[in-house]
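1. model the following, please.
(one chain, ligands or ions: 2)
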Amino acid sequence: MRYQSTRGGVSGISFKDAVLMGLADDGGLLLPETIPTLSEGDIEALGRLAYPELAFQIISLYAGDVPSADLKSLIDRSYATFTHPDVTPLAHQDGIYILELFHGPTLAFKDVALQFLGNLFEYLLAERDQKMNILGATSGDTGSAAIAGVRGKQNINIFILHPHGKVSPIQELQMTTVTDANVFNLAVEGTFDDAQAIVKEIFGDVAFKNQYALGAVNSINWARVLAQVVYYFYAFGRVQRLTGCREVSFSVPTGNFGDIFAGYIARRMGLPIHQLILATNENNILARFVRDGDYSLGEVVATLSPSMDIQIASNFERYLFYLHGEDGNAVIQAMADFRQQGRLEFTVTQQERVREDFAALSVSNEQTLDTIRSFHEQTGYVLDPHTAVGVRAARELSGGECPVVCLATAHPAKFGDAVRQAISKDPKRPASLEGIEDRPKRSEIIPAEVNAVRDFLVKNAC
Ligand SMILES: Cc1ncc(COP(=O)(O)O)c(C=O)c1O
Ligand SMILES: N[C@@H](CCOP(=O)(O)O)C(=O)O
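-> Ligands and ions are numbered 1, 2, ... in the order given. Just a heads-up that it's a prediction; the model follows:
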């Protein structure tokens, strides 16, 4: 399998090189040159596998240059850190399937990909006798999952930018209480969008990126999206065996468009996804895009699901590539238009195609609280606010023709304030969070300026 950039300036590179390149050297995002498709029989057989074996089968399709035994060992080690034997178990509550993606070390779906990516980086760096400085932006969950994936690892330093004061207290502590010498937390005086723009601008300076061997842990990195494709197949297989259904819908709480894009890839591989429901909070540019073709930038507002307080969704560029018939020049033009005008226009045909690909809903804070409350009253199950956004959208948009899987992207204990507001009690705390408030902390506040981050990196790079 070879990889190409959404902007047409990079092509023919291997999986290993794509993982190390992160952001494509032409500023675009990497995608496989072809998407492998699977037959109904293949998909049914895959659906019977245990999670690590399924991950091996799916990832192998895209990572032919990693020897099978090595890939298997990387995957097995990555999922051995999960506390549930099924890795991503499926609960059935109130007619909805909840795919619990939060049983990894930092209690969010990001662990599914970042445990793997951390091990993969270590493996590739050892093979090439290289060092790496990871630079990432987080609205709360990617940061701690990436740190957990590489803390204490040889030849890797990690620099994570989070928006100062805009992540939940537990999310902040999960990052800043990791005081290993190779971990640097930077609290940026701005939004997640500012942090992500800084990261992309620094990656865009290819000479600097190569000089400091920068690595990407955000969904900029294709390996992130790829590892997330796996659980769509896993959930489909489990639900199909339980219900005998031919198709399944998925509802996906969405911010940076990575998780739902993984579902889009799974569907392109042949997975019979009926509806792919894109659920946003009040930062609703993506929901407006799907429903009305209105892709225009708004101000980021703080919500009860802070990890989705995003307006400029990184992976949208990957979808644009397909929407524009895999034409890199059209993507370059669209990205330039968006930078200049803060909006994009779509033809009627494109808008129709988008609505074939996705259904969408924007969910308010009030509706989020109401969903956590009513779901708890009906089932006793406690949803985190991001998952609640997806559950609300599933309830409103799914037509009931086939089962719906809601991706449960975080453990409710990460968002205690929102849960308490909804059900007047604290969510149960998993053991990993016990005493987190009392641990030593390390982080730096930094202005939302490229040069400030660049200077910090130069001083602390490995
Ligand atoms: C808990 C949680 N749910 C949902 C999302 C949205 O996922 P994506 O950014 O891949 O759209 C995020 C952040 O990305 C998150 O941290
Ligand atoms: N919600 C994310 C934002 C970054 O998304 P990513 O999937 O591109 O890493 C977070 O928690 O940081």
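2. C-alpha only now, for contacts and for neighbours.
-> Noted.
3. any idea which helix or strand carries residue 196?
-> Under the criterion of DSSP states H and E, residue 196 resides in helix 192-204.
4. next secondary structure element downstream of that helix?
-> helix 206-211.
5. show me what the very next helix or strand once past that next one is packed against.
-> Beyond helix 206-211 on the C-terminal side, the first helix or strand identified by DSSP H and E is strand 214-215. Judged by 3 or more C-alpha pairs under 8 Å, 6 or more residues apart in numbering; DSSP states H and E, the packing partners of strand 214-215 are strand 132-137.
6. restrict the strand it packs on to CA atoms and write it as CSV.
-> Extracted in CSV, the C-alpha atoms of strand 132-137 (Å, rounded to 0.1, in the frame of the first residue of the first chain):
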residue,chain,number,x,y,z
MET,A,132,11.7,12.1,17.5
ASN,A,133,10.1,15.2,18.9
ILE,A,134,6.4,14.7,19.0
LEU,A,135,4.3,17.9,18.6
GLY,A,136,0.6,17.7,19.2
ALA,A,137,-2.5,19.8,20.0
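7. determine the set of other helices and strands touching the helix holding residue 196.
-> Going by 3+ C-alpha pairs under 8 Å, 6+ apart, helix 192-204 lies up against strand 132-137, strand 156-163, helix 206-211, helix 450-460.
8. swap the cut-off to 10 Å and go again
-> strand 132-137, strand 156-163, strand 183-189, helix 206-211, strand 214-215, helix 450-460 (3 or more C-alpha pairs under 10 Å, 6 or more residues apart in numbering; DSSP states H and E).
9. could you list every helix and strand in contact with the first one?
-> Spelled out, it's strand 132-137. helix 110-128, helix 141-150, strand 156-163, strand 183-189, helix 192-204, strand 214-215, helix 450-460.
10. got TSV for the ones you listed, with mean pLDDT, mean neighbour count and distance to ligand 2 too?
-> Output for those, formatted as TSV (pLDDT from 0 to 100; neighbours: other C-alpha atoms under 10 Å; distance: least, C-alpha to the nearest ligand atom, whole Å):
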stretch	mean pLDDT	mean neighbour count	distance to ligand 2
helix 110-128	96	21	7
helix 141-150	96	27	3
strand 156-163	98	26	8
strand 183-189	98	23	13
helix 192-204	97	22	7
strand 214-215	98	26	13
helix 450-460	98	14	17
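11. so which bits of this structure are right by ligand 1?
-> Residues of the chain lying close to ligand 1 (C-alpha under 6 Å from any ligand atom) are 108, 141, 253-259, 307-308, 386, 409-410.
12. counting only helices, which of these make the cut?
-> Residues of the residues of the chain next to ligand 1 located in helices (DSSP state H): 141, 258-259, 386.
13. which pLDDT value goes with the nearest residue to residue 308 once chain neighbours are set aside?
-> Leaving aside its chain neighbours, residue 308 sits nearest to residue 255 (4.3 Å; criterion: C-alpha to C-alpha, 6 or more residues apart in numbering). For residue 255, the pLDDT comes out at 96.
14. could you do residue 423 as well?
-> With respect to pLDDT, residue 423 scores 98.
15. what separation do you get for it and ligand 2?
-> Here the criterion is C-alpha to the nearest ligand atom, to the nearest Å. By it, residue 423 lies 24 Å from ligand 2.
16. residue 462: neighbouring residues, count only.
-> Applying other C-alpha atoms under 10 Å, we find 16 residues neighbouring residue 462.
17. isn't it up against residue 159?
-> No. Judged on C-alpha atoms under 10 Å, residue 462 makes no contact with residue 159 at a distance of 11.1 Å.
18. find the residues that touch each one of those two.
-> 133, 182 (C-alpha atoms under 10 Å, 6 or more residues apart in numbering).
19. which SSE is the closest residue in space to residue 292 that isn't next to it in sequence in?
-> Nearest non-adjacent residue to residue 292, counting by C-alpha to C-alpha, 6+ apart: residue 351, 7.8 Å away. Using DSSP H and E, residue 351 maps to helix 348-357.
20. buried ones in that helix?
-> Going by neighbour count (16 or more other C-alpha atoms under 10 Å), the buried part of helix 348-357 is 351, 354-355, 357.
21. of those residues, which is the nearest to residue 88?
-> residue 357 (25.0 Å; C-alpha to C-alpha).
22. the closest one: what's its closest spatial neighbour, skipping adjacent residues?
-> Spatial nearest neighbour of residue 357, chain neighbours left out: residue 276 (6.9 Å); criterion: C-alpha to C-alpha, 6+ apart.
23. again with residue 36
-> Leaving aside its sequence neighbours, residue 36 sits nearest to residue 269 (C-alpha to C-alpha, 6+ apart; 5.8 Å).
24. can you get me a residue count around residue 16?
-> 18.
25. and residue 138, by the same measure?
-> Counted with other C-alpha under 10 Å, residue 138 comes out at 23.
26. got it, and residue 332?
-> Counted with other C-alpha under 10 Å, the neighbours of residue 332 add up to 18.
27. residue 230 now?
-> With other C-alpha under 10 Å as criterion, residue 230 counts 23.
28. residues in contact with it?
-> Counted by C-alpha under 10 Å, 6+ apart, residue 230 has contacts 51-52, 54-59, 112-113, 262-263, 266.
29. ditto for residue 429
-> By C-alpha under 10 Å, 6+ apart, the contact list for residue 429 reads 411-414, 416.
30. just to revisit the earlier point, okay if I get the contacts of residue 230 as TSV plus secondary structure?
-> What follows is the contacts of residue 230, written out as TSV (DSSP: H, G, I helix; E, B strand; the rest coil):
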residue	secondary structure
51	helix
52	helix
54	helix
55	helix
56	helix
57	helix
58	helix
59	helix
112	helix
113	helix
262	helix
263	helix
266	helix
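31. from residue 29, how far off is residue 439?
-> 38 Å (C-alpha to C-alpha, to the nearest Å).
32. sorry, wrong one. I was asking about residue 357.
-> Distance, residue 357 to residue 29, by C-alpha to C-alpha: 20 Å.
33. and residue 21, by the same measure?
-> 10 Å.
34. those two: who's more crowded?
-> Higher neighbour count among residue 21 and residue 29: residue 29, with 28 against 24, using other C-alpha under 10 Å.
35. how about the more buried one, what does it touch?
-> Contact partners of residue 29, counting by C-alpha under 10 Å, 6+ apart, are 3-8, 10, 18, 21-23, 219-222, 314-318, 321.
36. buried among those? Make that a ChimeraX selection.
-> In ChimeraX syntax, the buried subset of the contacts of residue 29 is picked out as below (16+ other C-alpha under 10 Å):
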select :3,4,5,6,7,8,10,18,21,22,23,219,220,221,222,314,315,317,318,321
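37. of the contacts of residue 29, which belong to helices?
-> 18, 21, 222, 316-318, 321.
38. now these in a markdown table, please, with extra columns for distance to residue 77 and pLDDT.
-> As requested, those are exported to a markdown table (distance: C-alpha to C-alpha, whole Å; pLDDT from 0 to 100):
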| residue | distance to residue 77 | pLDDT |
| --- | --- | --- |
| 18 | 22 | 98 |
| 21 | 24 | 97 |
| 222 | 20 | 98 |
| 316 | 31 | 97 |
| 317 | 32 | 98 |
| 318 | 29 | 98 |
| 321 | 34 | 98 |
